[in-house]
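>>> How does the following fold in three dimensions:
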Amino acid sequence: MKKIILIIPVLSLHFGCVRDTNRQERALYGVAPATWSSATSPGNQSSEHNQTFWVEQFPDPALSQTIRKAWISNPSLLAMAERVLASGEDVIVAGASLYPNAKADLSGSRSKRNLIGFNFPNGETSFTSKSFNAGINLSWEIDLWGKLKDRRNSAKMRFKGTQAEYSAARLSLAGQIAKAWFEIIESEGQLRIARNTSVTYSQNQAFIQDRFEKGLASALDNDLAKTTLSSAKASLARRNRVHQASIRNLQLLLGEYPDGLLDRNNSGNLPLLDSATISSSPAETLARRPDMKAARLEVKASGIDVGVSQKSLLPSISIAGGPGSRSGEFGNLLEQRFRIWDVTGSVSQPIFQAGRLRAQIRKAKALRGAAIKNFKATALQAFSEVENSLSGEKFIEEEEAQLEKATEAAESAAKLSWDRYQRGVEGIFNTLEAQRRAFEAESRLLSVRKERILNRINLYLALGMNALPEKP
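Residues are numbered from 1 along each chain as shown. This is a model prediction of the structure:
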């Protein structure tokens, strides 16, 4: 009856913690809606799990090679990998408490004692003694309530969490590399436009300067041409500066010295994208994203920690002892007649700890509550990233279509305006303005194509899609 009275509250405590943890875990997914609100059409949402690797959506083998290079050379990612290994060792440390602890001991002592109060004739007033001990000491805390096992399980959860965080870091690094890659391609295109602009304005200025010297153009025309040429050269210098910064950013992500010298062996243009499609629901995205997996595992680990802190109020049972030998002479330790053994059992029940154990329980519950709130905050952030990318996709696609029309019309208008100026039926101001609009439209079109690619990468990251296969 005493055993039953003791076991019932323990079982209630254990299963109560399990039910509470499971209930909290089910409640975590209550924040997920059924569908994405910013999806362009119901047909763009599917419950099928998409195994496509998003880097392969951009037909550029050099990009895949660069991402794989970053995975093995980025110092921040390598540092996180070391922390994952350290977290795995924490599991072994926590699990070691489940097994007996054995150690070999060898000790020796020599002491002197005085004989005071004994008046032996011609006797010694003191004597010395020696003692040597050797043996194997075993100690074991019996995991009667499962507290030690729970500690190991909590460490396992956090180890898996660090693995998930590492996967999230790899995915994020792949996204950063891809963005830097396409920013370099865009900056190369902007440089090309800036050079063409500078060359065109230089030719304009030479033509107008010649006409001015012949008295066929006004000083205003000549000054406007000079101003336009100087502005174009300033823009070219700025584009060079931006291009160098883009290269250094990629080098930094690759773990290389940022000297601004990078041979990509690729001078292609930005890829043209089709409309985005969504292959997972919000709930599936929560299950797929590695950062959400890490947050979910932290919730589980903190729930287990609550049980561990509560079980610290229960008695603990330990056994210690082992074989050995004891003698006054060191050489006798190996002889059979000096062999000894001892076994000690102990039961410990916390009585007064000045509130420490109760405070640990409250702390564990608070940390579990924080982990749950953090999961919900991370989930909302994930939903926001997907919705923003989907919403931005529609507007950027429309912007790109309109800029394509504007660029085509502006280039045609610039050619007509220059022809009209040469025939003397158009002023130089209108001609230069028409050329400026043509170059600006081309530059804006290139920028918006890059922005659409970056937005698509953000969408892939928000959905938790894998970047590349584990092996090439």
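>>> How many residues are close by N269?
Neighbour count for N269, taken as other Cβ atoms under 10 Å: 11. (Each C-beta comes from the backbone N, C-alpha and C, glycine too.)
>>> give the contact list for P350.
Applying Cβ atoms under 8 Å, 6 or more residues apart in numbering to P350 gives the contacts S312, L313, L357.
>>> Counting neighbours, which of those comes out on top?
Among the contacts of P350, the one with the most neighbours (other Cβ under 10 Å) is S312, at 18 neighbours.
>>> how much space between the closest residue to it other than its chain neighbours and K149?
Counting by Cβ to Cβ, 6 or more residues apart in numbering, S312 lies nearest to L357, which is 5.3 Å off, once chain neighbours are set aside. Relative to K149, L357 is positioned 19 Å away (Cβ to Cβ, to the nearest Å).
>>> on that earlier part again, which ones among the contacts of P350 lie within helices?
Residues from these lying in helices, with DSSP state H as the criterion: L357.
>>> Where does pLDDT dip in the stretch 1-150 of the chain?
Within the stretch 1-150 of the chain, the ranges that satisfy pLDDT under 70 run 1-31, 40-51, 115-125.
>>> Centre of the chain to the strand or helix carrying L250, how far?
L250 is part of helix 219-253, with elements assigned from DSSP states H and E. Counting by Cα atoms, centre = their mean, to the nearest Å, helix 219-253 is centred 36 Å from the centre of its parent chain.
>>> same check, this time on stretch 241-254
21 Å.
>>> For that stretch, which residues meet the burial criterion?
H243, Q244, S246, I247, R248, N249, L250, Q251, L252, L253, L254 (16 or more other Cβ atoms under 10 Å).
>>> likewise stretch 312-323?
S312, S316, A320, G321, G322.
>>> Hmm, the second one is touching S348, no?
Yes: with contact defined as Cβ atoms under 8 Å, S316 counts as touching S348 (4.9 Å).
>>> sorry, back to before: for E393, state which of the contacts of P350 is nearest.
S312 (52.6 Å; Cβ to Cβ).
>>> So what does that closest one look like in phi/psi?
Here is the backbone geometry of S312 (degrees, to the nearest 10): phi -70, psi -20.
>>> So which residues of the stretch 1-150 of the chain form strands?
Remark: strands assigned in the stretch 1-150 of the chain by DSSP state E, counting those that start in this stretch are 101-114, 126-142.
>>> Kindly indicate which of the contacts of P350 lies nearest T277.
Closest to T277, out of all of the contacts of P350 and judged by Cβ to Cβ, is S312, at 52.3 Å.
>>> Spit out the contact partners of the closest one.
Counting by Cβ under 8 Å, 6+ apart, S312 touches K147, P350, L357, Q360, I361.
>>> now do I136
A102, K103, A104, D105, G322, P323, G324.
>>> how near is the residue nearest in space to the middle of the chain to E397?
Per Cα atoms, centre = their mean, the C-alpha nearest to the average position across the chain is that of A169, at 3.0 Å. Using Cβ to Cβ, we find A169 at a distance of 31 Å from E397.
>>> And for A379?
Distance, A379 to E397, using Cβ to Cβ: 27 Å.
>>> Between those two, point out the one with more neighbours.
A379 (23 against 18).
>>> any idea which element the more buried one lies in?
helix 356-422.
>>> Now do that helix, average pLDDT.
For helix 356-422, the mean pLDDT works out to 91.
>>> Now do that helix: distance to the chain's middle.
19 Å.
>>> please begin residue numbering at 20 from this point
OK, 20 is where the count begins now, so the last one is helix 375-441.
>>> Report the angle between that helix and helix 238-272.
150 degrees (axes from the mean of the first three to the mean of the last three Cα atoms, to 10 degrees).
>>> which non-adjacent residue is nearest L289?
Residue nearest to L289 in three dimensions, not counting chain neighbours: R468, with 4.8 Å by Cβ to Cβ, 6+ apart.
>>> Distance of that neighbour relative to A197?
As for R468, its distance to A197 is 15 Å (criterion: Cβ to Cβ).
>>> just R377 next, same as before
Relative to A197, and taking Cβ to Cβ, R377 is found at 51 Å.
>>> who's more crowded, the two?
Per other Cβ under 10 Å, whichever of R377 and A197 has more neighbours is A197, with 25 against 14.
>>> quick one: contacts for the more buried one?
By Cβ under 8 Å, 6+ apart, A197 lies in contact with V74, F77, L82, I86, I476.
>>> Go ahead and list the helix or strand containing it.
helix 166-232.
>>> Would you mind measuring from the closest residue to N241 other than its chain neighbours to L239?
Excluding its sequence neighbours, the residue lying closest to N241 (Cβ to Cβ, 6+ apart) is F231, at 4.2 Å. Counting by Cβ to Cβ, the gap from F231 to L239 is 10 Å.
>>> which of the buried residues of stretch 260-273 lies closest to N172?
For the buried residues of stretch 260-273, the nearest to N172 is L272 (36.7 Å; Cβ to Cβ).
>>> I figured the closest one hits S92, correct?
No: using Cβ under 8 Å, L272 is not in contact with S92, being 9.3 Å away.
>>> Need the contact partners of stretch 344-353.
Residues from elsewhere that reach stretch 344-353 (Cβ under 8 Å, 6+ apart): G127, S148, K149, S150, F151, N152, A153, G154, E354, F357, R358, I359.
>>> Restricted to buried residues, select the residues you listed in ChimeraX.
Remark: buried members of the contacts of stretch 344-353, expressed as a ChimeraX selection using 16+ other Cβ under 10 Å:
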select :151,153,154,357
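>>> now for the contacts of stretch 344-353, which pair is the farthest apart?
Farthest apart among these - using Cβ to Cβ - are S148 and R358, which lie 20.7 Å from each other.
>>> quick revisit: ok, F231 and L239, which is more surrounded?
Higher neighbour count among F231 and L239: F231, with 18 against 12, using other Cβ under 10 Å.
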